[in-house]
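Asker: pasting the sequence and the predicted model now:
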Amino acid sequence: MLAELLELERQGLFLHVFSLKKPDDGVFHADVARLRARVTYLPESPLLEPRVYAAAHRELLAQDPRRYAAALAAAAATRRRTSLKHFLRAGYIARLLPRLGITHVHAHFASGPTSVALHLHRLTGISYSFTAHAKDIYLDGIDEEALRTKLRTARFAVTVSDYNRRHLSRLVDADRLVRIYNGLDLERFSPNGAQPDDPPLVLAVGRLIEKKGFTDLVCACALLRQKQHSFRCTIVGKGPHQRELGALVRELRLGDVVELVGPLPRERLLELYRRASVVVAPCVVGSDGNRDGLPTVLIEAMALRVPVVSTDVTGIPELVENGRTGLLVSQRDPPALAQAIERVLFDRSEAEALAAAGRQRVEQEFDLRTNVAQLRSLLEEAARS
């Protein structure tokens, strides 16, 4: 998302970012300093700072009592506590929009951020659009009627894979949905001749949650270890499964092979990519329905000409064509995963062919400038209307 903001600015858009919460990963990314847009962090909670929110809503009520009453009634009709919170936040933002000259709002994630955008539309009439990713549309218990309302009311909705677009087209006409792949700066993510580590490095990146499938990766490493292969595995990220994964590493006596390093700044991660012999994304559909749309880590690795191994779930086959731009296995199959990793690590001619084709695939469909230009055109049209 940060790369998208930076590219939108490079292409001439004036942006203002409203963040519903402050970053909490404890890692500073140097790219943040490049963002020219002002960032407004909303007060932490409407319930903890009621005076701030009350002042904004009194102002809106005074400006247009009928519109405010209708917006409040729509928020109350959902009968969800979170709806009131989103409504209050929308009021806080609504008071600022005219002062900033903002004529269109784009939200990332179809969940809370788009709920706020919908309430903004009801309070002010301002148009909105949003990008749907993964958890926000697949998690069990998602209110599909509420999602349908968001889709129908938005000027347009973007999603990051054709798989997602087909999923959402059950709720709304497909012509309201635009697939725009997440793009990369292909100059920054370009092969630089770096040599893989020896012993070879197996790299995985992502939040330590079920849908990332890292349990399967640790089990696959145990199988590779049984075959006396020399390698190391580094898993980058943090999350609620950290303790569980650490316990599994200890149980399988893989402490000298598998390392959980926590989150890393983008600059450090780029260094790791260039030292890796393979990047593995063993994604699964979680027990709660949660799943990845199309993992950015795969796009980044392929852009850097690092071979990838992943699973055939969701939109991943749109990027990774098995046997051509990478290797795909079935989800939740550690033996198959181990075999695919082994194939990449120890058949370097095939690995190099996969890496070259992977880079070509990213150049064709995942160029940040090209893909963001498509989004920019949609945003400019909406802002003019």
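Answerer: On my side now, so go ahead.

Asker: now do the residue most central in space within the chain against A70, distance only.
Answerer: Centroid check for the chain by C-alpha atoms, centre = their mean gives H133 as the closest residue, at 6.1 Å. Distance, H133 to A70, by C-beta to C-beta, to the nearest Å: 30 Å. The way it works is simple: take the backbone N, C-alpha and C, and place the C-beta from them, glycine included.

Asker: T103 too?
Answerer: T103 is 21 Å from A70, by C-beta to C-beta.

Asker: same question, R188
Answerer: Taking C-beta to C-beta, one finds R188 at 47 Å from A70.

Asker: name the element A75 belongs to?
Answerer: Element membership of A75, judged by DSSP states H and E, is helix 65-77.

Asker: repeat that for D256.
Answerer: Using DSSP H and E, D256 falls outside every helix and strand.

Asker: give me phi/psi at it?
Answerer: With angles defined as degrees, to the nearest 10, D256 sits at phi -90, psi 0.

Asker: tell me the contacts of the closest residue to S161 other than its chain neighbours?
Answerer: Counting by C-beta to C-beta, 6 or more residues apart in numbering, S161 lies nearest to G315, which is 2.8 Å off, once chain neighbours are set aside. Residues near G315 by C-beta atoms under 8 Å, 6 or more residues apart in numbering: V160, S161, D162, Y163, N164, G293, L294.

Asker: what do you get for L224?
Answerer: F231, A338, I341, E342.

Asker: switch the cut-off to 10 Å
Answerer: By C-beta atoms under 10 Å, 6 or more residues apart in numbering, the residues touching L224 are 202, 230-231, 233, 254, 257, 334, 337-339, 341-342, 345.

Asker: cool, and L252?
Answerer: With C-beta under 10 Å, 6+ apart, L252 has these contacts: V218, C219, C221, A222, L223, R225, Q226, V258.

Asker: for it, give its distance to A204.
Answerer: According to C-beta to C-beta, L252 stands 16 Å off from A204.

Asker: same deal with N322?
Answerer: For N322, the distance to A204 - C-beta to C-beta - is 19 Å.

Asker: neighbour count for these two, which is higher?
Answerer: Per other C-beta atoms under 10 Å, whichever of N322 and A204 has more neighbours is A204, with 24 against 14.

Asker: and stretch 43-62, which residues are buried?
Answerer: Residues P46, Y53, A56, H57, L60 are the ones in stretch 43-62 that count as buried (16 or more other C-beta atoms under 10 Å).

Asker: helix, strand or coil: sort out the second one for me.
Answerer: In other words, Y53. Using DSSP: H, G, I helix; E, B strand; the rest coil, the structure places Y53 in helix.

Asker: starting at the chain centroid, how far to the helix holding A75?
Answerer: Here helix 65-77 is found 32 Å from its chain centre; the criterion is C-alpha atoms, centre = their mean, to the nearest Å.

Asker: where does the prediction get shaky in the protein?
Answerer: Applying pLDDT under 70 to the chain flags the ranges 24-29, 47-48, 79, 81, 194.

Asker: re earlier: buried sites along the helix or strand just after the helix holding A75?
Answerer: Moving toward the C-terminus from helix 65-77, the next helix or strand (DSSP H and E) is helix 81-100. The neighbour-count check on helix 81-100 (16+ other C-beta under 10 Å) flags 83-95, 97 as buried.

Asker: just the CA coordinates for the helix or strand following helix 81-100, please, in PDB.
Answerer: Per DSSP H and E, the first helix or strand lying C-terminal to helix 81-100 is strand 104-108. Extracted in PDB, the C-alpha atoms of strand 104-108 (Å, rounded to 0.1, in the frame of the first residue of the first chain):
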ATOM      1  CA  HIS A 104     -13.200  11.500  -3.300                       C
ATOM      2  CA  VAL A 105     -12.100   8.900  -0.700                       C
ATOM      3  CA  HIS A 106     -10.400   5.600  -1.400                       C
ATOM      4  CA  ALA A 107     -10.300   3.000   1.400                       C
ATOM      5  CA  HIS A 108      -8.000   0.000   1.700                       C
END
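
Asker: tell me what the helix holding A75 is packed against?
Answerer: When contacts are defined as 3 or more C-beta pairs under 10 Å, 6 or more residues apart in numbering; DSSP states H and E, helix 65-77 sits against helix 50-63, helix 81-100, helix 112-124.

Asker: buried set for that helix?
Answerer: Within helix 65-77, the residues that count as buried by 16+ other C-beta under 10 Å are Y68, A71, L72, A74, A75.

Asker: and the closest residue in space to R369 that isn't next to it in sequence, what is it in contact with?
Answerer: If the residues on either side of it in the chain are set aside, R369 comes closest to E7, at 6.4 Å by C-beta to C-beta, 6+ apart. Applying C-beta under 10 Å, 6+ apart, one finds that E7 lies in contact with L13, G183, D185, L368, R369, N371, V372, A373, L375, R376.

Asker: which pair of these spans the longest distance?
Answerer: By the measure C-beta to C-beta, L13 and D185 form the most distant pair in the contacts of E7, at 16.7 Å.

Asker: my guess is L203 meets V280, correct?
Answerer: Yes: between L203 and V280 there is a contact at 7.2 Å, judged by C-beta atoms under 10 Å.

Asker: mutual contacts of these two, please.
Answerer: Shared contacts of L203 and V280, defined by C-beta under 10 Å, 6+ apart, comprise C233, I235, V297, A301, V308.

Asker: next, format those as CSV and append neighbour count.
Answerer: Formatted as CSV, the shared contacts of L203 and V280 follow (neighbours: other C-beta atoms under 10 Å):
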residue, neighbour count
C233, 25
I235, 24
V297, 23
A301, 29
V308, 29
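
Asker: in helices, which of those appear?
Answerer: V297, A301 (DSSP state H).

Asker: just put the shared contacts of L203 and V280 in CSV and tack on distance to A146.
Answerer: CSV is the format used below for the shared contacts of L203 and V280 (distance: C-beta to C-beta, whole Å):
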residue, distance to A146
C233, 41
I235, 35
V297, 30
A301, 36
V308, 36
